[in-house]
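Enquirer: Fold the following and give me the result.
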Amino acid sequence: MEFSAVASHTVVSASVVHSLKSGIIATTNYPVDVPFVVEAVHYDPAKGIDSGESYMSGEKLEYNSENGKWKAQDAYFWPEKGNIVFYAGSPILPNVTVGVGNGVSAEWSIPDEESTQVDLCFSKVIENCESHSTAVPFVFRHALSFISIKARTLKQYSYSRSEGNLIQSNVITVVLDSVKIDGILSKGYFTQEPAKWVVDDSSATQYVVYRSDTGLELGCNRYDSPILIELARMLLVPQTLLPEATITEWHHMAVRSSVTDLTTGEIISDQTYNIPKTSSRPLTKVCDRWKMDYKYTLRIAVGQEEDDTELTLAVTDWTETKEIILGDE
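Expert: Sure thing, here's the model as predicted:
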């Protein structure tokens, strides 16, 4: 018996995250370097609907690069009649179990360090023994929510002005210093059948999205259109957002102000200074919940004043191939 593994809930243009250290693995195939576990039960119609017998138990599937196929440790052959129900789960960890009936279940906690976050995937396949596929097509879904956080300047702030024979030039750069998210629930219990989360309401955590001693310059292109920069990709527990869930950013305006005498061409004043700014926005203003297998893109448009920073949201499927309108999920 052969096996195939497809990432996400669509076969076309799928992607899966298994460790954010290596970023997004964009492929229509399940990542070949990540094994998964399978439990399966065979139902023989001659023995009745409740006559399920174990067919696979905790079988680890690994990719064989020599023949390009997924292989189990043991050889399996199709029974002549009936159906086989397969449950598959990944990653292989002590807190992730795969069982017949409930499928994948996991006690899950999201660390606050982005590089150590790991995806949680699950799949279910029902195959008829008499008309089975050439390979069992495991189509994996993601149990977590995928959050991408991006930032840009609200607009171009540099300017010049003339007064008499003097020109004052102000080159203003928006520099992002840090971003954090507060009030996000970080622990929960996932079950596949039915696919749902029970979230620990006492696990509110702070996630530092971005922090830099030198800062990140936010600028515009040559047409004065702000350039959007991705700060982080995070995997978080699906949840109804708490009222206190907020995203806070700190930035500074780096200003170089100079005055030039047009008569002599002499620069009679040249000063450089920083003006610190900050803003905080409730996440519930743009979204009331995060759902599993969806991608949420939070966009921060940083303004010159403390009260004009904007927060917007885009919701898509995990692969960004389909836009989702909030409320119509």
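Enquirer: The biggest strand by length in the chain packs against which elements?
Expert: Longest strand of the chain, by residue count under DSSP state E: strand 166-185. When contacts are defined as 3 or more CB pairs under 8 Å, 6 or more residues apart in numbering; DSSP states H and E, strand 166-185 sits against strand 145-153, strand 159-163, strand 204-218, strand 229-236, strand 246-261, strand 294-302. For glycine as for every other residue, the C-beta is placed from the backbone atoms N, C-alpha and C.
Enquirer: looking at the ones you listed, which is closest to residue 61?
Expert: strand 229-236 (22.7 Å; CB to CB).
Enquirer: That closest one: how far from the chain's middle?
Expert: Mean-position distance between strand 229-236 and its chain equals 6 Å (CA atoms, centre = their mean, to the nearest Å).
Enquirer: Contacts for it, please.
Expert: Contacts with strand 229-236, where a contact means CB atoms under 8 Å, 6 or more residues apart in numbering, come from 17, 20, 23-24, 110, 114, 117-119, 144-152, 176, 179, 184, 186, 207, 209-210, 216, 218, 290.
Enquirer: at 7 Å what do you get?
Expert: Contacts to strand 229-236, defined as CB atoms under 7 Å, 6 or more residues apart in numbering, come from residues 17, 20, 24, 110, 114, 117, 119, 144-152, 179, 184, 207, 209-210, 216, 218, 290.
Enquirer: List buried residues within those.
Expert: Neighbour-count burial (16 or more other CB atoms under 10 Å) applied to the contacts of strand 229-236 gives 17, 20, 110, 114, 117, 119, 144-152, 179, 184, 207, 209-210, 216, 218, 290.
Enquirer: rewinding a little: strand partners (parallel or antiparallel) of the longest strand of the chain?
Expert: Here strand 166-185 has these sheet partners by DSSP bridges: strand 159-163 (antiparallel), strand 204-218 (antiparallel), strand 246-261 (antiparallel).
Enquirer: Pick the most deeply packed of the ones you listed.
Expert: Most buried of the strands paired with strand 166-185 by mean neighbour count (mean count of other CB atoms under 10 Å) is strand 246-261; its value is a mean of 18.
Enquirer: Quick check: next helix or strand after it?
Expert: Using DSSP states H and E, the helix or strand that follows strand 246-261 in sequence is strand 267-282.
Enquirer: pLDDT averaged over that next one, what's the number?
Expert: For strand 267-282, the mean per-residue pLDDT is 92.
Enquirer: With stretch 210-230 instead?
Expert: Summarised as a single mean, pLDDT over stretch 210-230 is 94.
Enquirer: returning to that earlier point: out of the strands paired with strand 166-185, which comes closest to residue 80?
Expert: strand 204-218 (52.7 Å).
Enquirer: quick one: contacts of the closest one?
Expert: Identification of contacts with strand 204-218 by CB under 7 Å, 6+ apart yields 112, 149, 151-153, 173-186, 229, 231-232, 234, 242, 302.
Enquirer: I'd guess residue 81 is in a strand, am I close?
Expert: No. Using DSSP: H, G, I helix; E, B strand; the rest coil, the assignment for residue 81 is coil, not a strand.
Enquirer: count of residues packed around it?
Expert: Residue 81 has 13 neighbouring residues, counting by other CB atoms under 10 Å.
Enquirer: Show me what the helix or strand residue 312 falls within is packed up against.
Expert: Assigned by DSSP H and E, residue 312 belongs to strand 310-317. Packing contacts for strand 310-317, counted by 3 or more CB pairs under 7 Å, 6 or more residues apart in numbering; DSSP states H and E, involve strand 294-302.
Enquirer: again, only using 10 Å
Expert: Helices and strands touching strand 310-317, by 3 or more CB pairs under 10 Å, 6 or more residues apart in numbering; DSSP states H and E, are strand 145-153, strand 246-261, strand 267-282, strand 294-302.
Enquirer: to the chain's geometric centre, what's the distance from the last one?
Expert: Spelled out, it's strand 294-302. With CA atoms, centre = their mean, you get 11 Å for strand 294-302.
Enquirer: between that strand and strand 204-218, how many degrees?
Expert: With axes from the mean of the first three to the mean of the last three CA atoms, to 10 degrees applied, the angle from strand 294-302 to strand 204-218 works out at 50 degrees.
Enquirer: so what strands line up beside whichever strand or helix holds residue 190?
Expert: Using DSSP H and E, residue 190 sits in strand 187-191. When pairs are called by DSSP bridges, strand 187-191 turns out to pair with strand 103-109 (antiparallel), strand 196-199 (antiparallel).
Enquirer: Tell me the buried residues in that strand?
Expert: Buried residues in strand 187-191, defined by neighbour count with 16+ other CB under 10 Å: 187, 188, 190, 191.
Enquirer: Tell me where the model's unsure across the chain.
Expert: 1-30, 48-50, 326-329 (pLDDT under 70).
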